[in-house]
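Engineer: Need a 3D model of the sequence below.
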Amino acid sequence: MVEIRSAENDQELNRVFYVLDRAFRRTKADYFIRRTTIGKKDYDFWQTRVLVFNGEIVSTIEIFPTLMWFEGKKIKNAGIGSVATDPDFQGKGFGIKIVEDTNRFAREKGFHVATLFTSIFDFYAKADYFKVTYPFYEVGKIFNVPEDREIVTFRPYFLTDIVKIHEQYNRELIGPVVKDERDFILSFAYLSEDTYLFLVSLREGVPTGFIRAREFKNTIEVLEFASLEPDADLAIFIDEIRKRAFYQRVFINLSDHEREKIKSVELKPRGHYSMMFALLDESMGSREEFIEKFSRKGNFWLADLY
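Structural biologist: Sure, this is the predicted structure:
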């Protein structure tokens, strides 16, 4: 007998972590624990869905509820992750069953979209997910470094300004997560972040933008960027990062909408990131309409994955 439902108590969560530990042998169970009961600010058991076979939890999936920017509106996103089946029970179709049921469940909970990151696109396409892409660039030459501002390392008292800048910069895009101060604080623990590369731009003492970056595989990877003056701030941020960091190659993902505002920095196309969406609400329009909009304004910051 197969039953799909939400986890009910800590004992069942322990079984979920056991399944995840067996399914993802290279990832310690502690990672999943921190992403659920510890790392999520408002965790509730309904966010962990389980498939029970003959009285035993054998498959699981996690819902990470967020608000997402969609062209000036805040929509409800069911981020999907930690999809796993105990190896002893794989090959029975349980994985696709729990994904399909989670779409139904999320739709009933009022979510507009579901999103996930994966390399097995064909598998999730069976559950009505579709792939979208957004470009990333290697930063080349800096043509003009502004002299009317200073760069400082992040300090907690900047958070209120950072949240405001984040909203103003991202609200017209499609994909970035809506964040408050606590969201920023919680995300720090999961990014292996080089805090000396979390920088704030000040003009006459007032923040105009911020950037978060880390050293990653002999390069610098931008985790998040937002600014009231993106052209000037990105130029001075990259200049400062190259002074502070050992590695000089810097990569950043930007939508076409963002890219068009950058004139002072050379951006060399290097590829695309991919993610998958499922539309859960009719108000989101058709899949074709969504893909067309996302192709111009779609972005999902690496910091939003945690």
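Engineer: And the lowest-mean-pLDDT helix or strand in the chain, what does it pack against?
Structural biologist: Every helix and strand of the chain was ranked by mean pLDDT, DSSP states H and E. The lowest is helix 29-33, at a mean of 75. Counting contacts by 3 or more C-beta pairs under 8 Å, 6 or more residues apart in numbering; DSSP states H and E, helix 29-33 is packed against helix 10-23. From N, CA and C alone the C-beta is placed, and that goes for glycine too.
Engineer: hang on, residue 161 in a helix?
Structural biologist: Yes. Judged by DSSP: H, G, I helix; E, B strand; the rest coil, residue 161 forms part of a helix.
Engineer: quick one, what contacts it?
Structural biologist: Shown in contact with residue 161 (C-beta atoms under 8 Å, 6 or more residues apart in numbering): 206, 207.
Engineer: Try it again at 7 Å.
Structural biologist: residue 207 (C-beta atoms under 7 Å, 6 or more residues apart in numbering).
Engineer: Ok, residue 75 next?
Structural biologist: Applying C-beta under 7 Å, 6+ apart, the residues contacting residue 75 are 68, 112, 113.
Engineer: what bridges to it?
Structural biologist: residue 68 (DSSP bridges).
Engineer: which of the contacts of residue 75 tops the neighbour count?
Structural biologist: residue 68 (24 neighbours; other C-beta atoms under 10 Å).
Engineer: which ones are touching that residue?
Structural biologist: 75, 77, 175, 177, 178.
Engineer: could those residues go into TSV alongside pLDDT, distance to residue 209 and secondary structure?
Structural biologist: Formatted as TSV, the contacts of residue 68 follow (pLDDT from 0 to 100; distance: C-beta to C-beta, whole Å; DSSP: H, G, I helix; E, B strand; the rest coil):
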residue	pLDDT	distance to residue 209	secondary structure
75	98	25	strand
77	98	25	strand
175	97	19	strand
177	96	18	strand
178	97	18	coil
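Engineer: Please look at residue 252 and residue 222 and confirm they touch.
Structural biologist: Yes. Taking C-beta atoms under 7 Å as the contact criterion, residue 252 and residue 222 are neighbours in contact, 4.0 Å apart.
Engineer: How is the protein divided into domains?
Structural biologist: Following the assignment in automatic domain parsing, the chain carries domains at 2-128, 135-273.
Engineer: Dump the ones you listed into CSV; add distance to residue 297 as well.
Structural biologist: Converted to CSV, those look like this (distance: least, C-beta to C-beta, whole Å):
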stretch, distance to residue 297
domain 2-128, 7
domain 135-273, 5
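Engineer: Between these, which one is closest to residue 296.
Structural biologist: Judged by C-beta to C-beta, the one of the domains of the chain that comes nearest to residue 296 is domain 135-273, at 5.1 Å.
Engineer: Start and end of the closest one, how far apart?
Structural biologist: The straight-line separation of the ends of domain 135-273 (C-alpha to C-alpha, to the nearest Å) is 6 Å.
Engineer: thinking again about what came up before, tell me which of the contacts of residue 68 is nearest to residue 264?
Structural biologist: residue 175 (24.7 Å).
Engineer: show me the contacts for the closest one.
Structural biologist: 68, 69, 298, 299, 300.
Engineer: Without its sequence neighbours, what residue ends up closest to it?
Structural biologist: Of all residues not flanking residue 175 in the chain, residue 300 sits nearest, at 4.3 Å (C-beta to C-beta, 6 or more residues apart in numbering).
Engineer: and that neighbour, how many neighbours does it have?
Structural biologist: Applying other C-beta under 10 Å, we find 22 residues neighbouring residue 300.
Engineer: what does the one 4 residues further on give?
Structural biologist: Here the number of neighbours of residue 304 (other C-beta under 10 Å) works out to 23.
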